[in-house]
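J.: Fold the following and give me the result.
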Amino acid sequence: MTQRELESIRRAVREEIVALEEAVARWRVFHGLGRDGGGDETGFPVYRGWRQDMDVRLAELRAVLARMEGDEFGVCDDCGEDIAPQRLLAVPTTRRCIGCARGREAAGRPGTTPRPTPGQ
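T.: Next comes the predicted model:
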């Protein structure tokens, strides 16, 4: 992967982090909960689920940035081959190349979501 490709992925990840943080803050302000974590969220069960999803996504994206500082980013966890930069730009949290991801999916291995069989 070139430095330019790596920087493009890093920029996209940072932009997504900022967008998610801003979305959470806007929702909190809209509902009168304060921008920075104050207020009581117990009256908003749907929001709590959404917020948990956003917290998970933010943690995943921050982990991507941390992996980018080392040698493991862009290397498939299963086969050790490089992951295509286009795949990383589309799915920066992936830890598998497309071949291994498809293989895991076809085998129904953990970490994959099996696709429904036609007619089911």
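J.: what number of residues lie near Ala59?
T.: 11 (other CB atoms under 10 Å). (Each C-beta comes from the backbone N, C-alpha and C, glycine too.)
J.: do the same with Val13
T.: 20.
J.: ok, the nearest residue in space to Glu81 that is not next to it in sequence - contacts?
T.: Once flanking residues are discounted, Glu81 sits nearest to Cys97: 5.6 Å by CB to CB, 6 or more residues apart in numbering. Contacts for Cys97 (CB atoms under 8 Å, 6 or more residues apart in numbering) come out as Cys76, Asp78, Cys79, Glu81, Asp82, Ile83, Ala84, Arg87.
J.: from memory the third one sits against Gly99, does it?
T.: What it means is Cys79. Yes - Cys79 is in contact with Gly99 according to CB atoms under 8 Å; the separation is 7.3 Å.
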